[in-house]
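*Asks:* Sequence and predicted structure below; questions after.
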Amino acid sequence: MKDSDTDSKDSSAGSAPANFIRNMIAQDLASNKHRGRVHTRFPPEPNGYLHIGHAKSICLNFSLAEENKGFCNLRFDDTNPAKESQEYVDAIKDNITWLGFRWNGDVRYSSSYFDHLYDFALQLIKKSLAYVCSLSPEEAREYRGTLTEPGRNSPDRDRSVQGNLDLFARMRAGEFADGEYSLRAKIDMASPNINMRDPVLYRIRHISHHQTGDTWRIYPTYDYTHCISDAIENITHSLCTLEFEDHRPLYDWILHNLDNGSLHAVSDLKESVADYVLPQQTEFAKLRLNYTMMGKRKLKEMVETGVVEGWDDPRMPTLAGMRRRGFTPAAIRHFCESVGVSRSESVVDMSMLEHAIREDLDRNAPRVMCVLNPLKVVLTNLGEGQVEHLEMANHPKDESMGKRIVPFAREIVIDKSDFEESPPPGFKRLISGGEVRLRGAYVIRCDEVVKSSDGEVKQLNCSIDPDTLGNQPAGRKVKGVIHWVSAEHGIPAKIRLYDRLFNAENPESKDIADYHEILNPDSLSELEGCLVEPSAFANGAVTQFQFEREGYFCVDEQDSTDTLPIFNRTITLRDSWSNS
Ligand code: ATP
Ligand code: MG
């Protein structure tokens with residue numbers, strides 16, 4: 001296969017569509033706001049596998065850095081060890097690399113800033129901007145108030161600085177049980193923004209962390225950690241999805257209340273503090289796709305309860321699943337670019353993603369023939385043991401993809417659906433007594449239909465017209481062209497046909513009480529005894545094909561064995577979504 005990566009980069013270079021984030025960065029560069037720097041980050045929490053929504057964020061962050069000769073960090077926002085694991089860390093790194101992006105320097109972890117985060121918490125306590133609170137999580141919820149009612153101050157809000165420092169140190173030392181105390185910012189319990197009502201900065205969790213082991217008994221919250229991690233890494237543009245818009249005041253509050261000098265001191269910035277500029281958070285709308293479940297919690301549940309076979313099940317919207325399904329990095333990147341970036345939520349049609357996949361595979365996947373449901377055809381005027389080696393193009397429009405040799409012999413198979421005893425009107429393929437062209441080979445005529453005792457068609461006896469190799473037979477109209485594989489030379493394979501996982505357009509709709517009820521029972525079907533043209537195995541590096549007339553397929557690297565190759569159908573040749 002051609003290097004589709006380079007292909008798509010060439011075609012999109014310099015033509016990135018404008019959007020409000022690109023415009024903002026251009027303005028920031030013009031005003032020298034960040035001293036000419038563009039430094040973004042992709043900040044996954046390692047609590048699941050990445051999905052196509054994350055790909056949008058990855059493409060956005062990495063492309064903006066690349067376009068502006070900046071940098072993009074990969075940072076795991078790993079503040080909730082109860083839900084995180086090394087498996088997810090590894091899978092996320094693998095997915096990003098697969099998509100074709102390279103992060104700046106080493107992988108970052110928020111957990112590697114835990115010491116700094118602790119010190120900054122001391123700073124807030126000393127400024128009387130944070131306090132240790134003894135309300136239980138339930139009480140704290142009750143004190144917080146509602147959207148219409150202000151909250152109430154914690155009874156601990158006015159504890160002395162020394163008292164807070166002492167309790168916080170004892171929290172760290174592991175003296176208290178989970179939930180007994182928390183550290184909270186002292187902001188405003190009457191704020192209309194609930195995120196500003198003395199949010200929790202640290203909670204006690206007696207639990208090991210995948211990166212820091214048993215060092216910590218207290219863990220910082222996401223909101224507290226995220227902004228400081230951005231500041232430590234000198235991120236200029238902190239891009240996140242819209243649900244964080246109401247958290248932005250807290251993001252800014254934390255950073256503005258810490259000494260700029262002490263942030264600069266622990267940051268990556270080598271230049272002087274005069275050049276140290278705090279990061280700016282900007283929100284954009286999440287990618288949503290119809291017929292697709294994107295919530296990590298539900299995806300995890302589907303994996304754990306066996307609704308799908310794993311995070312990389314080819315029906316999953318995860319990058320691991322899409323990869324196994326045969327979706328290509330170039331196509332996914334192209335899709336993410338084409339959906340655009342905006343501040344209004346909208347649902348993207350699945351056919352748009354599929355269009356990008358088809359376009360890429362049409363260009364890059366070599367053609368071979370595979371018969372999914374074989375029907376034996378004996379070509380009676382060919383001798384036993386006679387084999388012709390027919391030369392066929394690997395791609396109908398791209399000569400650079402070369403040619404292949406396809407063996408043609410007395411016994412071949414065609415697809416059951418390409419023969420009809422009682423053809424419907426307009427049927428152009430093989431009928432009893434009729435003619436059809438074998439792709440890249442001869443015109444054949446069906447002379448005899450052999451049936452089993454129960455009337456099932458078992459075999460067709462046909463004859464070839466030897467003058468029709470590459471020629472239209474004079475004076476006859478042969479409209480149909482069908483694919484075929486030599487029965488003796490074809491390689492038996494198993495094929496998995498995938499369809500949508502959910503039958504409902506919005507599987508995450510509130511009207512759907514239980515997603516099990518909208519699962520498509522036919523999302524996976526398996527075909528055994530398919531026959532694939534041997535040239536598909538001639539070059540082990542090529543694993544994606546168009547099976548002529550059937551669709552695009554890829555080798556399932558995980559489940560294929562030396563004796564039984566397994567192919568996954570990536571996608572059909574035509575859009576099957578819009579007319580459903
Ligand atoms: P959850 O909130 O369930 O943990 P998440 O999808 O927000 O899931 P993160 O690991 O926090 O998970 O996401 C990493 C980054 O990807 C964040 O910046 C987030 O805003 C972004 N992101 C997540 N989902 C989408 C989406 N559907 N479209 C675009 N960006 C997304
Ligand atoms: Mg999140």
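*Replies:* Cool, the structure landed. Numbering: from 1, shown residues only. Ligands and ions are numbered 1, 2, ... in the order given.

*Asks:* And the residue of the chain found nearest ligand 1, how far from R288?
*Replies:* In the chain, the residue that lies nearest ligand 1 is G53 (2.2 Å; Cβ to the nearest ligand atom). No exception for glycine: its C-beta is placed from N, CA and C like everyone else's. Note on G53: its distance to R288, by Cβ to Cβ, to the nearest Å, is 7 Å.

*Asks:* Touching both of the two, which residues are there?
*Replies:* M294 (Cβ atoms under 8 Å, 6 or more residues apart in numbering).

*Asks:* neighbour-wise, which of these two wins?
*Replies:* Between G53 and R288, counted using other Cβ atoms under 10 Å, the more crowded position is G53 (19 against 16).

*Asks:* which residues sit in contact with the closest residue to the more buried one other than its chain neighbours?
*Replies:* Distances taken as Cβ to Cβ, 6 or more residues apart in numbering put L287 closest to G53, at 4.5 Å, once the chain neighbours are dropped. Going by Cβ under 8 Å, 6+ apart, L287 touches I52, G53, A55, K56, M294, C336, V339, V348.

*Asks:* Got the confidence number for L287?
*Replies:* If you check L287, the pLDDT there is 97.

*Asks:* Run the chain-centre distance for the strand or helix carrying E354.
*Replies:* Assessed by DSSP states H and E, E354 sits inside helix 350-364. Centre-to-centre, helix 350-364 and its host chain are 15 Å apart (Cα atoms, centre = their mean, to the nearest Å).

*Asks:* And stretch 318-329, by the same measure?
*Replies:* 7 Å.

*Asks:* Could you check it against ligand 1 for contacts?
*Replies:* No - applying Cβ under 6 Å from any ligand atom, one finds stretch 318-329 separated from ligand 1 by no less than 11.4 Å.

*Asks:* what sits up against that stretch?
*Replies:* 4-5, 49-52, 54-55, 91, 94-95, 98-100, 299, 311-316, 332, 357, 360-361, 364, 498, 544, 552-554, 556-558, 568-571.

*Asks:* I'd like to know which helix or strand in this protein has the lowest mean pLDDT.
*Replies:* In the chain, no helix or strand scores lower on mean pLDDT, DSSP states H and E than helix 4-12, which sits at a mean of 37.

*Asks:* Show me which residues of the chain sit near ligand 1.
*Replies:* So the chain meets ligand 1 at 43-45, 47, 53-54, 56-57, 240-241, 286-287, 294, 296-297 (Cβ under 6 Å from any ligand atom).

*Asks:* Among those, name the buried ones.
*Replies:* 43-45, 47, 53-54, 56-57, 240, 286-287, 294, 296 (16 or more other Cβ atoms under 10 Å).

*Asks:* taking those residues one by one, which sit in strands?
*Replies:* C240 (DSSP state E).

*Asks:* Filter the buried ones among the residues of the chain next to ligand 1 down to the ones in helices?
*Replies:* G53, H54, K56, S57, K296 (DSSP state H).

*Asks:* Could you dump these into JSON lines with pLDDT added?
*Replies:* Converted to JSON lines, those look like this (pLDDT from 0 to 100):
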{"residue": "G53", "pLDDT": "97"}
{"residue": "H54", "pLDDT": "98"}
{"residue": "K56", "pLDDT": "97"}
{"residue": "S57", "pLDDT": "98"}
{"residue": "K296", "pLDDT": "93"}
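
*Asks:* Of all pairs in those residues, which one is the farthest apart?
*Replies:* K56 and K296 (14.9 Å; Cβ to Cβ).

*Asks:* Please, where are all the strands along the stretch 401-550 of the chain?
*Replies:* 403-409, 411-415, 419-420, 430-431, 435-438, 443-451, 457-465, 481-482, 484-486, 491-498, 524-532, 544-547 (DSSP state E, counting those that start in this stretch).

*Asks:* Now do the second one, average pLDDT.
*Replies:* When the per-residue pLDDT values of strand 411-415 are averaged, the result is 98.

*Asks:* and the angle for it with strand 457-465?
*Replies:* Angle, strand 411-415 to strand 457-465, by axes from the mean of the first three to the mean of the last three Cα atoms, to 10 degrees: 110 degrees.

*Asks:* What lies in contact with strand 411-415?
*Replies:* 371-379, 430, 438, 460, 482-488, 490, 531.

*Asks:* Now which of the residues you listed would you call buried?
*Replies:* Among those, those buried by neighbour count (16+ other Cβ under 10 Å) are 371-372, 374-375, 377-379, 430, 438, 460, 482-487, 490, 531.
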